[in-house]
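Asks: need a structure here:
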Amino acid sequence: MREPHVQAALKKFEKLLRQYPDHQGYYNVFRTFLKGFMRVQNRSGNLPTTELFTILKHEKPNIYYALKHNLKDDPILGFVSQIDMDYEQAKRGISDIIN
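Replies: Model (predicted):
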């Protein structure tokens, strides 16, 4: 089942990845996005948040580590930032949802 809200949010994530360089000063842009992403309506109940963090870790490591440091007091995003996932699997998962 297609989830248009999730697809739109993931396309926005891809745009943010292209738009912003890997500089820790931009972590707040991604933090705001991730907090909003957690509120996206999704009938299946599973948002690919771990996939997003995995992609950030590999494609924008400076932003990822700034996020990880600044989200340690956020119980949900702080926890999700600790989960490891295979990068290629994360990319495939996001691609499958978008397409």
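Asks: what's the weakest-modelled helix or strand in this protein?
Replies: Least confident helix or strand of the chain, by mean pLDDT, DSSP states H and E, is helix 75-80 with a mean of 84.
Asks: check which residues of that one are buried.
Replies: Leu77, Val80 (16 or more other C-beta atoms under 10 Å). C-betas here are computed from N, CA, C, even on glycine.
Asks: and the next element down the chain from that helix?
Replies: Using DSSP states H and E, the helix or strand that follows helix 75-80 in sequence is helix 87-98.
Asks: contacts for that following helix next, please.
Replies: 3, 6-7, 10-11, 13-14, 48, 50-52, 54-55, 57-58 (C-beta atoms under 8 Å, 6 or more residues apart in numbering).
Asks: weed out the non-buried ones from those.
Replies: Glu3, Val6, Leu10, Phe13, Pro48, Thr50, Glu51, Leu52, Thr54, Ile55, Lys57.
Asks: so what touches the helix ranked longest in the chain?
Replies: When the chain is parsed with DSSP state H, its longest helix is helix 4-19. For helix 4-19, contacts defined as C-beta under 8 Å, 6+ apart pick out 29-30, 33, 36-37, 40-42, 47-48, 52, 55, 59-60, 94, 97-98.
Asks: mark which of these are buried, thanks.
Replies: The buried subset of the contacts of helix 4-19 - by 16+ other C-beta under 10 Å - is Phe30, Phe33, Phe37, Leu47, Pro48, Leu52, Ile55, Lys60, Ile94, Ile97.
Asks: for Gly78, give me its contacts.
Replies: So Gly78 contacts Lys68, Leu71, Lys72 (C-beta under 8 Å, 6+ apart).
Asks: can you pick the most crowded of the residues you listed?
Replies: Leu71 (21 neighbours; other C-beta atoms under 10 Å).
Asks: how near is that residue to Leu16?
Replies: 16 Å (C-beta to C-beta, to the nearest Å).
Asks: how about Arg92?
Replies: 20 Å.
Asks: about what we covered before: could you give the angle of the longest helix of the chain to helix 87-98?
Replies: 130 degrees (axes from the mean of the first three to the mean of the last three C-alpha atoms, to 10 degrees).
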